[in-house]
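Trainee: Pasting the sequence and the predicted coordinates here, then a few questions.
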Amino acid sequence: MLQRSKVIRSRDEWRKKAIQRANELRESRKTKKHQRERIAELKAQISTLEEANEGKKNTNFI
């Protein structure tokens, strides 16, 4: 019985670690996805602002 309980305990610990690792990886993927989306939004804003800035520069010289 003692040996069996060790196996069960070991299995339960392994399962807990696997679940925790999966949760951490899932959260990491979500965070990375949100960061990539935010970077894309900021790049779009930058390009819009640069275009507006170029438009102002062109009108100032005329």
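Mentor: In hand now; what should we look at? Predicted, not measured: the structure shown is a model, and the values here were computed from it.
Trainee: can you give me how far the helix or strand containing residue 56 is from the chain middle?
Mentor: Per DSSP states H and E: residue 56 is located in helix 2-61. How far helix 2-61 lies from its chain's middle: 0 Å, per C-alpha atoms, centre = their mean, to the nearest Å.
Trainee: tell me the mean pLDDT over it?
Mentor: Mean pLDDT, helix 2-61: 92.
Trainee: From the centroid of the chain, which residue is nearest?
Mentor: By C-alpha atoms, centre = their mean, the chain has its centre lying nearest to residue 32, at 1.5 Å.
Trainee: measure residue 24 to residue 18 for me?
Mentor: 11 Å (C-beta to C-beta, to the nearest Å). Backbone N, C-alpha and C define where each C-beta goes, glycine included.
Trainee: Ok, residue 40 next?
Mentor: For residue 40, the distance to residue 18 - C-beta to C-beta - is 33 Å.
Trainee: got it, and residue 26?
Mentor: Residue 26 sits 12 Å away from residue 18, going by C-beta to C-beta.
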